[in-house]
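Chemist: Next one to model:
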Amino acid sequence: MTEWFARTIFHVRDVEASLRFYVDQLGFTSPWRYDEDGKARVAQVDRQGAALILTSTWADTSPEKVGKGLLFISLNTEPETPEAGIAAIDAVRAELEAKGVPVKDGSWGYRLIVVDDLDGNQILFNYPHEEVSG
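Modeler: This is a model prediction of the structure:
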């Protein structure tokens, strides 16, 4: 059977600045990038199985696409218990806040933490097995 590998595309204004944010502050690595005229135009960032493509290729012709991306991340934990999942999300939050990344609380029928990148693209982390009333 063939397995699929999917990557979210985030439209950004400046790939270089976005790479610094994702690598230095969010802890991603960058396995490849494409430069054009001496400037990064497309790059991939990865962290623990989550992969993103950052591109400014269409920023000039379609500026309405910049900052509209969403990436939803669920953390798999061992052992897989609500307590382990909550501890894992809390650890991610503490790591990011220690690096100066603003982390917001959110809700999508259940509790989330939300990280906005430099352009307003959002990364959402869900707390497992927690529902929000109302």
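Chemist: Quick check: buried residues in stretch 19-32?
Modeler: For stretch 19-32, a neighbour-count test (16 or more other CB atoms under 10 Å) marks Leu19, Phe21, Tyr22, Gln25, Leu26, Phe28, Ser30 as buried. From N, CA and C alone the C-beta is placed, and that goes for glycine too.
Chemist: which residues of the chain score low on pLDDT?
Modeler: Scanning the chain for pLDDT under 70 picks out the ranges 59-61, 129-134.
Chemist: max-length helix in it?
Modeler: The single longest helix within the chain, with elements called by DSSP state H, is helix 82-98.
Chemist: Would you mind writing the CA trace of that helix as PDB?
Modeler: Provided in PDB are the C-alpha atoms of helix 82-98 (Å, rounded to 0.1, in the frame of the first residue of the first chain):
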ATOM      1  CA  PRO A  82      -5.300  12.300  29.100                       C
ATOM      2  CA  GLU A  83      -2.800  13.200  31.800                       C
ATOM      3  CA  ALA A  84       0.200  12.400  29.600                       C
ATOM      4  CA  GLY A  85      -1.300  14.400  26.700                       C
ATOM      5  CA  ILE A  86      -2.000  17.400  29.000                       C
ATOM      6  CA  ALA A  87       1.500  17.300  30.400                       C
ATOM      7  CA  ALA A  88       2.900  17.200  26.800                       C
ATOM      8  CA  ILE A  89       0.900  20.200  25.700                       C
ATOM      9  CA  ASP A  90       1.900  22.100  28.900                       C
ATOM     10  CA  ALA A  91       5.600  21.300  28.100                       C
ATOM     11  CA  VAL A  92       5.300  22.600  24.600                       C
ATOM     12  CA  ARG A  93       3.700  25.800  25.900                       C
ATOM     13  CA  ALA A  94       6.400  26.300  28.500                       C
ATOM     14  CA  GLU A  95       9.200  25.700  25.900                       C
ATOM     15  CA  LEU A  96       7.700  28.200  23.500                       C
ATOM     16  CA  GLU A  97       7.000  30.800  26.200                       C
ATOM     17  CA  ALA A  98      10.600  30.400  27.400                       C
END
